[in-house]
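Enquirer: Structure, please.
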Amino acid sequence: MEPVTDNEGNYLDTEGEIMDEPSRKIQELAYEEQMYYLLHWGLTYEILVDSNQRTPVTYTIGICQHISNGIIKSFVPTDLTVVGKEQR
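Expert: Below you'll find the model as predicted:
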């Protein structure tokens, strides 16, 4: 987004007041997209503790292997985007 200027080339803030030249900041991605092989769907078990109550919860996870370094991680389905199809 480019800074707003008036007819004389002065930089304006959100209220229309003249301000100093805005600093140019390099924006970096907050995350880097990673590629994994989906190895298997599985279940995980966890106990949620809330105000002295313990609730057992079982939920689905995707067990994945990083394509370049081979590290195994698990993700909940909402964190995954499956690209491609199964090959046999």
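Enquirer: Parallel or antiparallel, which strands does the helix or strand harbouring residue 58 pair with?
Expert: Using DSSP states H and E, the secondary-structure element containing residue 58 is strand 53-66. Sheet neighbours of strand 53-66, with direction, are listed as strand 36-50 (antiparallel), strand 72-75 (antiparallel) (DSSP bridges).
Enquirer: Take those and write them to CSV, including mean neighbour count, distance to residue 10 and mean pLDDT.
Expert: All C-beta spots, glycine's among them, are computed from the backbone N, C-alpha and C. Putting these into CSV (neighbours: other C-beta atoms under 10 Å; distance: least, C-beta to C-beta, whole Å; pLDDT from 0 to 100) gives the following:
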stretch, mean neighbour count, distance to residue 10, mean pLDDT
strand 36-50, 10, 50, 88
strand 72-75, 12, 49, 90
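Enquirer: any chance of those strands in TSV, plus distance to residue 58?
Expert: Shown next, in TSV, are the strands paired with strand 53-66 (distance: least, C-beta to C-beta, whole Å):
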stretch	distance to residue 58
strand 36-50	5
strand 72-75	14
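Enquirer: nearest to residue 88, of these?
Expert: Closest to residue 88 of the strands paired with strand 53-66 is strand 36-50 (C-beta to C-beta; 14.4 Å).
Enquirer: Please consider this matter closed, and thank you.
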